[in-house]
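> A structural model of the following input is requested.
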Amino acid sequence: MGGLLPRFDGTESVLIAAAMLGATVMPHAVYLHSGLVRDRHGHQPEGPIRSRLLRVTKIDVGLAMLLAGAVNLSMLLVAATTLRGREGVDSIDGAHAAVADTLGQVVALLFALGLLASGLASTSSGRTPAR
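Residues are numbered from 1 along each chain as shown. You can find the predicted model right below:
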């Protein structure tokens, strides 16, 4: 359990914690889901329809955040158990090589595809609400 409790050992660990917080909270996903609901249902006047739409939006965003949080936690647990104490995992190439050595080529390919999908989804999420 010691690995799940945050510790700050200098400025680098604060930067990592801020990056993890940004990856978990994902403000772009909140904007994306709100924009998608708005586009699907249009601007509703005050009243019961708007209240229902806001309730549905909260559920939609909440479920998306819950799923994303579960994925992030699972990635942290896998990384902590398989890459702990290994050298050279401070870059994408090094992490990929370590995953391939530890868990095999198939998992390393899934890791690479997951990173690609994550980048594409973030780009799409950033563009959609801006329209």
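
> please make it C-alpha for all contacts and neighbour counts, starting now.
Will do.

> show the pLDDT at the residue nearest to the spatial centre of the chain.
Per CA atoms, centre = their mean, the C-alpha nearest to the average position across the chain is that of A23, at 4.6 Å. pLDDT, A23: 71.

> over to A17?
So A17 comes in at 80 (pLDDT).

> give the buried residues for the longest helix seen in the chain.
In the chain, with assignment by DSSP state H, the single longest helix is helix 48-82. Buried residues in helix 48-82, counted by 16 or more other CA atoms under 10 Å: L53, T57, D60, V61, M65, A68, G69.

> okay, the fifth one and V25: tell me how far apart.
Looking back up the chat, that one is M65. 7 Å (CA to CA, to the nearest Å).

> re the thing from before, counting contacts, what elements does the longest helix of the chain pack onto?
Of the remaining helices and strands, those touching helix 48-82 by 3 or more CA pairs under 8 Å, 6 or more residues apart in numbering; DSSP states H and E are helix 11-25, helix 27-41, helix 92-103.

> worst mean pLDDT among the ones you listed?
For these, the weakest mean pLDDT is recorded on helix 27-41, namely a mean of 68.

> isn't V89 up against D101?
No - V89 lies out of contact with D101 (CA atoms under 8 Å); the separation is 11.8 Å.

> quick one: which of those two has more around it?
Taking neighbours as other CA atoms under 10 Å, V89 and D101 compare with V89 leading, 17 against 14.

> skip the chain neighbours and tell me the closest residue to the more buried one.
Nearest residue to V89, sequence neighbours excluded (CA to CA, 6 or more residues apart in numbering): A95, at 4.4 Å.

> thanks again, I'm all set now.
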